[in-house]
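Asks: no sequence on this one, just coordinates:
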């Protein structure tokens, strides 16, 4: 039916089928998350002020200001990461791919893991080192400080200095692992479908193309493009070997 009343949503359906419906919104989401990285230090600063961090001893205030500088740097790194990936998520699938959403989701999982792991490595490790140095001798000082700024995972001590980079690295690796599983599934499925379509098209149109700028039919080439057997009777409309009809 070519009536506009029944076909006016075709552009929308095409937008879904070619994958733009999945890639474009995720690109916008990446941009929003990138910008949200700038709001993260402001939120942490607000939480710390609300918990009266500036009423604490001078060493706590000094530690807080140093860690705020580190958080600001980590947020700048996070912004660059998400902003760079927002253009690459548009390349996760190609025209004709049937499995599009899986590829987009796998890219999001990988990017989120890279961001979180990097953030923990930078902020967690640096905070652990500074807390250990500045609050040495303070019984429970690290726990009090982490609660004051709303980041309970921050702590001091040799154990925290060791495990924080390990945690961050494992998050990056594990997220990449799951993302690659999804991506491999989508790639195999898309390639299988393309191969199947190529086979169907080949059997539906038994023509042989010789790379001389001229299209030759199977009759002219003297070989059947379906089974490869030589055509003895050039006037025949069917291959004597596989029985396929020449067009």
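Replies: Perfect, thanks for sending it. Note that the structure is predicted; figures quoted are calculated from it, not measured. Numbers count the residues shown, from 1 in each chain.

Asks: alpha carbons only for contacts and neighbour counts from here, please
Replies: Fine.

Asks: go ahead and confirm residue 153 touches residue 146.
Replies: Yes: if you go by CA atoms under 8 Å, residue 153 and residue 146 touch, sitting 7.1 Å apart.

Asks: now stretch 71-88: buried residues?
Replies: For stretch 71-88, a neighbour-count test (16 or more other CA atoms under 10 Å) marks 71-75, 77-79, 81-83, 85-87 as buried.

Asks: which members of the residues you listed occur in helices, if any?
Replies: 71-75, 77-79, 81-83, 85-87 (DSSP state H).

Asks: and of these, the nearest to residue 59?
Replies: residue 71 (18.1 Å; CA to CA).

Asks: tell me what the helix or strand harbouring residue 181 is packed against?
Replies: Secondary structure assignment for residue 181, by DSSP states H and E: helix 158-204. With contacts taken as 3 or more CA pairs under 8 Å, 6 or more residues apart in numbering; DSSP states H and E, helix 158-204 sits against helix 101-119, helix 125-134.

Asks: looking at residue 153 and residue 146, which is more packed in?
Replies: residue 146 (19 against 15; other CA atoms under 10 Å).

Asks: in what helix or strand does that one lie?
Replies: Assigned by DSSP H and E, residue 146 falls in helix 141-148.

Asks: how about residues contacting that helix?
Replies: In this structure, residues lying in contact with helix 141-148 by CA atoms under 8 Å, 6 or more residues apart in numbering are 47-48, 51-53, 60, 131, 135, 152-156.

Asks: how much does that helix deviate in direction from helix 125-134?
Replies: Relative orientation of helix 141-148 and helix 125-134, computed by axes from the mean of the first three to the mean of the last three CA atoms, to 10 degrees: 130 degrees.

Asks: report the mean confidence score over helix 141-148.
Replies: Helix 141-148 carries an average pLDDT of 74.

Asks: stretch 47-67 now?
Replies: 88.

Asks: pull out the buried residues from it.
Replies: 47-48, 53, 60, 63-64, 67.

Asks: residues making contact with that stretch?
Replies: In contact with stretch 47-67 (CA under 8 Å, 6+ apart) are residues 123, 126-127, 130-131, 134-135, 145, 148-150.

Asks: could you dump those to a markdown table with neighbour count?
Replies: Formatted as a markdown table, the contacts of stretch 47-67 follow (neighbours: other CA atoms under 10 Å):
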| residue | neighbour count |
| --- | --- |
| 123 | 22 |
| 126 | 21 |
| 127 | 29 |
| 130 | 19 |
| 131 | 28 |
| 134 | 16 |
| 135 | 18 |
| 145 | 23 |
| 148 | 21 |
| 149 | 23 |
| 150 | 16 |
